[in-house]
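> Give me a model of this one.
(3 chains)
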Amino acid sequence: MVLLDPLAFFFWAVILLVSLPALIYSIGYFKNKFTRAKLLTTQLITLAFIASMLFLVIAANAFVFLIVWELMTLFSYLLVLTDSENKAAVNAASIYIVMTHIGTAFLIAAFFLIFKYSGSFDFTAMSAACQTMPPLLRNWLFIFFLIGFGTKAGIVPLHIWLPYAHPQAPSHISALMSGVMIKTALYGLIRFVFLVLGIGSLWWGITVLILAIISCLVGVIYALMEHDLKKLLAYHSVENIGIILLGLGLAMVFTSLNLASLSALAMIAGLYHLINHAAFKGLLFLGAGSVQKGTGTLEIEKLGGLIKKMPWTAAFFLVGAMGISALPPLNGFVSEWLTLQAFFSGAMNVPGLLALGFALGVAALALTSGLAAACFVKAFGITFLALPRSSSAGQAKEAPAAMLSGMFLLAAAVVGLGLLAPIIFNLLAGVAVSICQAQLQTTGLFSLVLQPNGVIAISPLFIAIFLGAGLAAAYLVFYGYKVRLGQTWDCGYYRTDSRNEYTATAFSKKFRISFGFFLFPFRKTEKIKDSFYHVKSFIYRTNTTNIFEKYAYNAVLHLLYRIAEIFKRAQAGSIHLYLSYILATLLLLIILVKIL
Amino acid sequence: MTKLLLTILKISLVVGLAPLASGLIARIKNNLRLRRGQGILQPYRNLWKLCGKEDIIPENSSWIFQITPLIVFATSVTAILFLTDNLLAIIFILALGRFFLALAALDAGSAFGGMGSSREMFISSFVEPAACLVIFALYLTPGSTWSLTHLLAGLSLLIVILAETTRLPIDNQETHLELTMVHEAMLLDYSGRSLALLEFSAQIKQLFWFCLLAGIICPLALLPYGFCLLFIIIVIAFIEVGIAKYRLFKVPDLLVFAVILALLAIVSALLGV
Amino acid sequence: MIWLLLFLILLITVETALVTSLPALLRNFRYQSMCLALLTLLAAYRETSPELYVIAGLLFSLKVLLIPHLFNLLIKRINSNNHLGLFLNAQFSLLFVVALAMISWYLASLVIAPPAYLEQLTLSAACFVVLTGIFLMASRIKALAQVIGLLLAENGIFLAATIIPGGMPFFVEIALFFDVLVSVMILGLFIYRINAIFTHIDVSKLSGLRG
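Residues are numbered from 1 along each chain as shown, chains lettered A, B, ... in the order given. Reported below is the predicted structural model:
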């Protein structure tokens, strides 16, 4: 009934890593917010949600897997609807549940296809049956699994629900959904494509790599344009799922080429980024919730100067921002370095054209990393630094201790996952070896040495120590001197206030222009005039077009509506008409019996 | 033990000679412009003078503003460590310094800093792919003898260096006009010892990149290392004098060209040329 | 005897297409159920199956005595005019019902081979009653007619059950009975409520709920 292998243990670690701080956080978050009944219900559903995820990764039977999967979706749907008075939340939850069920339909189809061959829903029986299937069927199964799990994970172009659902849920629920739930979709992908189905052809891995690259870039570019903290973080989830899939796709490619140890390395890179993302995304969402609780708004353009009013939140958010921007010595750096290293090591052992593809993957990953750092400079800088841009930001209050402790635990995890990289690497090697059936050398304790390229080594601990030494040296040599407070240089204009500061829209304008071929920005201006000569005010609105929604989803929805309109004419409201439909069908069937 | 001593020697050489490299470039540029110009050791005097001045901190700023010079210096020095063996980590370490410098620029609370930091992050997001691909190409090169790969990678890295060391045509170190400054905008509110530290770190970073490029273009047997460094310095000086600053939205075109050069380097490495 | 009862059932069902008032329809239903109960009794005697005795008993008590009585009370309480409301007038209904009879005879001949004339006739009668029941639901306006149409269709299914060799499973028949009883109670209740709120039980007014 239960399957306790290293992969399941790893996912338990991921789930618990985020769930425990989130639960601690929720104690402070819900203070004075809901009635007792609603609070109790919400906490119970949260616990049920976490429990369903824990059961999902140890299910040994596809039927149980499906049931728990649906339960997980149901509980998260209810949690997104926590603030059900808000129309946007209801809308978001509807989009979420429709899209998830489309994915689940593909999963059910895939499971039943395998069932026809295996006769049982047990994973081992299914994997034995998959070895005997014709290759065409295996290809279709791969596509079904990819779509099914991709909808839940948020792979472009199935990511539409993410930016709607994650901002509407309470912050620790967003942390759980973004940090853990979309990872369970990746668990499903690993379990079913690697272990049950078995990697078939090379094009599987290449498809995943291409989808991963697209997800990375689309996610980060849309994130750059967002000025709502949680929506920005949701788009970053899309990007990071892309990065994880880069590792997993590489593992698929290497497995299909029978390069087992490289496949294990790529798998380790993917899994490492998985747990890293859970840690820093969870931390960032908790920080955003803390900002919302302290100031009442999540719009970056209205915040500012929070580092003085909410110092702890700022510090923890900074740790999370450094983690997601892949800055040493924190955890994002290690996993991105490992992914790049997997690309490099692979390029020497694969055919030339594929190596060129790897080069494109490297370029995409580096571009993503740079854009992500830019986005978080914007997010952290405009939200927390300089002067407050509105009165609500000026009167911000620090978050209660429960929320701060939750954030502290995750920040410690972010730092720990970075500094203790060799230990984590060894643990993950155990998981990867069990999936890819490879041999991998374990590395030293203080530095991560990769075989077969023995010279490539890295030690975040060492980097941290050296950075610290550099800091100390700089401080001792250059400091201890008198400092004076002065005014910021603003060309000699005497009244510096928050309106002199840079805005988030201005910060992202450069990216909006240079990625305009993809974003289709447009602007609306409105001039309000006092008299013929005097303009009283000028309103400028700029926005980007979401091409996925506009051209893919809305087009499909309109088609569906038009077809439904045609069928609507049959629904005339008369019960007699409906009954005559029944009679006519019966008669038709009788007549058809003779003809056929 | 010898490894430790060599490392210390390496670091102290780079750190010590960094302002000299800046001074050389400035002297050559001035000579090309048919002026007398400053002495080669002027940057050292500038740094010394700055250390004697008072540090003025904007009243709107926070601890990030004060810790940034320390972090930028630490990252520049740490990057030297990885000069020979682990090139990939360099990009991330330098990104750490850049991240904090951009944050500090926003911290001051003026539009200059915001402009500087947004332009810097914009340019650097295109520089990172080029740098990663160059490192990829170096990883794939068949041996340590001269080959087409080295040439192409070197050219690509030259463009990357222009971006990273804030040289024309991407950025101008001699200007303080808000239309044109990128790196200088981020330093605008610093003074005294913090400014000295930041300028020193920029010079260290610059010499570090020169050393990296020299390591590529002069394989062991051909030319001595110092000669290569001088050659690079002269080339950079010529580029700075000969070319005007690009409009900001033309810079990605230049950097994409660097990416393409690096891709070509990879292709030639794969072909074994 | 069975032939006679079958013939009576057919006749009464055909006549259902001609009635135009609620009490008449109810009487019709009652007579049909009585014939059916007798038929089931005879079939029970022939096949010596104790279950069919129980079914016959239930048929008699529920569909001959209880349900028409309940509906009579309902009709009195509703207190509106007793006209049934016809979508399709009586003559055309008759023609249509005769066509239904021909189709059901055709279906029975497909299913059951010629020598077994009794079974053929019974099956065709059953089919005919079911189709007529649905037709009644579709072509009469008052809500009560829909209920009675449903009950007629129910009768048809029980008729078919009597000729199936081995009989319908007992539990299914009992379940059907309980279904019928409960649905009649509920429908009766609802019709009374509908009348109380809307002051009519004209189902064609539901067309306000068009899509």
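> For residue 157, grab the count of nearby residues.
Just so you know, I chose chain A. Using other C-beta atoms under 10 Å in any protein chain shown, the number of residues around A:Pro157 comes to 14. Just so you know, the C-beta spots here come from the backbone N, C-alpha and C atoms, and that holds for glycine as well.
> Chain B was what I was after
Number of residues near B:Leu157 (other C-beta under 10 Å) recorded here: 28.
> Pull the distance from stretch A:75-83 to the chain's centre.
18 Å (C-alpha atoms, centre = their mean, to the nearest Å).
> Show me the domain layout of chain A.
As assigned by automatic domain parsing, chain A contains the domains A:1-188, A:199-481+A:497-510, A:547-595.
> how about those domains, which one is nearest chain B?
Distance to chain B, taken as C-beta to the nearest C-beta, is lowest for domain A:199-481+A:497-510 among those, at 2.1 Å.
> Give me the distance from that closest one to the chain's centre.
Distance, stretch centre to chain centre, for domain A:199-481+A:497-510: 11 Å (C-alpha atoms, centre = their mean).
> start to end distance for it?
42 Å (C-alpha to C-alpha, to the nearest Å).
> Could you do stretch A:476-494 as well?
36 Å.
> what's the most buried one of the domains of chain A?
Scoring those by mean neighbour count under mean count of other C-beta atoms under 10 Å in any protein chain shown gives domain A:199-481+A:497-510 as the most buried, with a mean of 22.
> what ranges do the strands span in chain B?
For chain B, the strands defined by DSSP state E cover B:55-58.
> What ranges in it fall below the confidence cut-off?
Scanning chain B for pLDDT under 70 picks out B:142-144, B:219-223, B:273.
> what do you get for chain A?
Using pLDDT under 70, chain A drops low at A:440-457, A:479-481, A:596.
> quick one: the longest helix along it near chain B?
Assignment by DSSP state H gives helix A:260-295 as the longest helix of chain A. No. Using C-beta under 8 Å from any C-beta of the partner chain, we find that helix A:260-295 stays clear of chain B, coming within 12.8 Å at best.
> Take the domains of chain A and write them to CSV, including distance to B:Gly39.
Formatted as CSV, the domains of chain A follow (distance: least, C-beta to C-beta, whole Å):
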stretch, distance to B:Gly39
domain A:1-188, 57
domain A:199-481+A:497-510, 24
domain A:547-595, 57
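> between these, which gets nearest to B:His183?
For the domains of chain A, proximity to B:His183 was assessed by C-beta to C-beta; domain A:199-481+A:497-510 is nearest, at 14.6 Å.
> The nearest residue to A:Arg138 once chain neighbours are set aside: what's it in contact with?
Closest residue to A:Arg138 apart from its sequence neighbours, by C-beta to C-beta, 6 or more residues apart in numbering or on different chains: A:Gly200 at 4.9 Å. With contact taken as C-beta atoms under 8 Å, 6 or more residues apart in numbering or on different chains, A:Gly200 is in contact with A:Pro135, A:Arg138, A:Asn139, A:Phe142, A:Ser256.
> just checking, what packs against the helix or strand hosting the fourth one?
Read it as A:Phe142. Counting by DSSP states H and E, the element that carries A:Phe142 is helix A:135-153. The contact analysis (3 or more C-beta pairs under 8 Å, 6 or more residues apart in numbering or on different chains; DSSP states H and E) places helix A:135-153 against helix A:87-118, helix A:182-189, helix A:202-225.
> If we use 6 Å, what do you get?
Helix A:135-153 sits against helix A:87-118, helix A:182-189, with contacts defined as 3 or more C-beta pairs under 6 Å, 6 or more residues apart in numbering or on different chains; DSSP states H and E.
> can these go into a markdown table with extra columns for distance to chain C?
What follows is the helices and strands packed on helix A:135-153, written out as a markdown table (distance: least, C-beta to the nearest C-beta, whole Å):
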| stretch | distance to chain C |
| --- | --- |
| helix A:87-118 | 21 |
| helix A:182-189 | 37 |
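> Out of the ones you listed, flag the one nearest A:Ala552.
Comparing those under C-beta to C-beta, the one sitting nearest is helix A:87-118, at 12.2 Å.
> from the chain's centre, how far out does that closest one sit?
Centroid separation for helix A:87-118 versus its chain: 18 Å, with C-alpha atoms, centre = their mean.
> okay, the angle between that helix and helix A:135-153?
Helix A:87-118 and helix A:135-153 are oriented at 160 degrees to each other (axes from the mean of the first three to the mean of the last three C-alpha atoms, to 10 degrees).
> The very next helix or strand once past helix A:87-118 packs against which elements?
Next in sequence after helix A:87-118, counting helices and strands by DSSP H and E, comes helix A:123-131. In terms of contacts (3+ C-beta pairs under 6 Å, 6+ apart), helix A:123-131 is packed against helix A:87-118.
> How many residues are close by the residue in the stretch 101-250 of chain B positioned nearest to chain C?
Closest approach between the stretch 101-250 of chain B and chain C, counting by C-beta to the nearest C-beta: B:Ser125, at 52.5 Å. B:Ser125 has 26 neighbouring residues, counting by other C-beta under 10 Å.
> ok, it touching A:Leu371?
Yes. Because the distance of 4.8 Å satisfies C-beta atoms under 6 Å, B:Ser125 is recorded as touching A:Leu371.
> right, is stretch B:3-10 up against chain A?
No. If you take C-beta under 6 Å from any C-beta of the partner chain as the test, stretch B:3-10 misses chain A, and the best it gets is 10.4 Å.
> Check the offset of that stretch from the chain's centre.
Its chain's C-alpha centre and that of stretch B:3-10 lie 23 Å apart, by C-alpha atoms, centre = their mean.
> Alpha carbons of that stretch, in CSV - could you do that?
Extracted in CSV, the C-alpha atoms of stretch B:3-10 (Å, rounded to 0.1, in the frame of the first residue of the first chain):
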residue,chain,number,x,y,z
LYS,B,3,49.5,26.4,-2.8
LEU,B,4,48.5,28.7,0.0
LEU,B,5,51.5,30.9,-0.5
LEU,B,6,51.0,31.1,-4.2
THR,B,7,47.3,32.0,-3.7
ILE,B,8,48.3,34.8,-1.3
LEU,B,9,50.8,36.0,-3.8
LYS,B,10,48.3,35.9,-6.6
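> Quick one: residues in contact with that stretch.
Taking contacts as C-beta atoms under 6 Å, 6 or more residues apart in numbering or on different chains, no residue outside stretch B:3-10 touches it.
> if we can go back for a sec, helix or strand right after the helix holding A:Phe142?
Downstream of helix A:135-153, the first helix or strand assigned by DSSP H and E is helix A:162-168.
> Pull out the CA atoms of stretch C:83-95 and give them to me as PDB.
The C-alpha coordinates for stretch C:83-95 follow below in PDB (Å, rounded to 0.1, in the frame of the first residue of the first chain):
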ATOM      1  CA  HIS C  83     -59.400  19.900 -17.800                       C
ATOM      2  CA  LEU C  84     -56.200  18.000 -18.600                       C
ATOM      3  CA  GLY C  85     -54.700  20.500 -21.100                       C
ATOM      4  CA  LEU C  86     -53.700  18.900 -24.300                       C
ATOM      5  CA  PHE C  87     -50.800  19.800 -26.500                       C
ATOM      6  CA  LEU C  88     -51.800  17.400 -29.100                       C
ATOM      7  CA  ASN C  89     -55.600  17.100 -29.500                       C
ATOM      8  CA  ALA C  90     -57.400  13.900 -28.900                       C
ATOM      9  CA  GLN C  91     -57.600  12.600 -32.400                       C
ATOM     10  CA  PHE C  92     -54.000  13.100 -33.300                       C
ATOM     11  CA  SER C  93     -53.000  11.600 -29.900                       C
ATOM     12  CA  LEU C  94     -55.000   8.500 -30.900                       C
ATOM     13  CA  LEU C  95     -53.300   8.200 -34.200                       C
END
